[in-house]
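Colleague: Give me coordinates for this.
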Amino acid sequence: MKKLILIMLLFCQVLSAPPGYQVPVVLQTEPFNNLEAIWQAVIMVESGGNPDAFCWDVNNQPSVGISQIQPSRIAHYNRLTGKDYKLKDAFDPEISKEIFMFFAKRIGNEERLIRAWNGNIKSEMTYNYLQKVQKYL
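Modeller: Numbers count the residues shown, from 1 in each chain. Below you'll find the model as predicted:
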């Protein structure tokens, strides 16, 4: 939204500039524009699209909901947003998507987003996860 306002302001400057004066306008695209496709691919890998999915991960932590959110992700989201979601809230697909999109928009590119959703992007395991998700893109 901020970029749209900036573009509109720059466009208005061009329209109101005195004759012979040119204002350069630089249009910049988002780092990636297929967040919805990435979301859909992630939920297929994580839960097969099942909003009631539940499992214990390799560290004996619960992962819940359509995108398999863990308690640490909920706590991190709450700290950054001031919200007070509980792990059980991640069973709601809309809340899961809200959390996913929040973090997605903070990450600079598609590969980092997908790998970070799976865990530490320095881990080799996240490359396997990336490949699984990319099959759905």
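Colleague: Tell me the buried residues in stretch 41-53?
Modeller: 41-43, 45-47, 51, 53 (16 or more other CB atoms under 10 Å). C-beta: built from backbone N, CA, C; applies to glycine.
Colleague: Which member of the residues you listed is positioned nearest Ile107?
Modeller: Val42 (12.7 Å; CB to CB).
Colleague: got the buried residues for the strand or helix carrying Ile114?
Modeller: For Ile114, the host element (DSSP states H and E) is helix 110-118. Buried residues in helix 110-118, counting neighbours by 16+ other CB under 10 Å, are found at 110-115, 117-118.
Colleague: so after it, what's the next helix or strand?
Modeller: Counting by DSSP H and E, what follows helix 110-118 is helix 125-134.
Colleague: Sort out which residues of that following helix are buried, please.
Modeller: 126, 129-130, 132-133.
Colleague: Could you dump the residues you listed into TSV with distance to Lys97 and pLDDT added?
Modeller: Listed next are the buried residues of helix 125-134 as TSV, based on distance: CB to CB, whole Å; pLDDT from 0 to 100:
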residue	distance to Lys97	pLDDT
Thr126	21	93
Tyr129	19	95
Leu130	20	96
Lys132	19	96
Val133	16	97
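Colleague: Turn those into CSV, including distance to Ile66.
Modeller: Formatted as CSV, the buried residues of helix 125-134 follow (distance: CB to CB, whole Å):
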residue, distance to Ile66
Thr126, 20
Tyr129, 16
Leu130, 19
Lys132, 16
Val133, 14
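Colleague: Of those residues, just say which sits nearest to Asp57.
Modeller: Tyr129 (12.3 Å).
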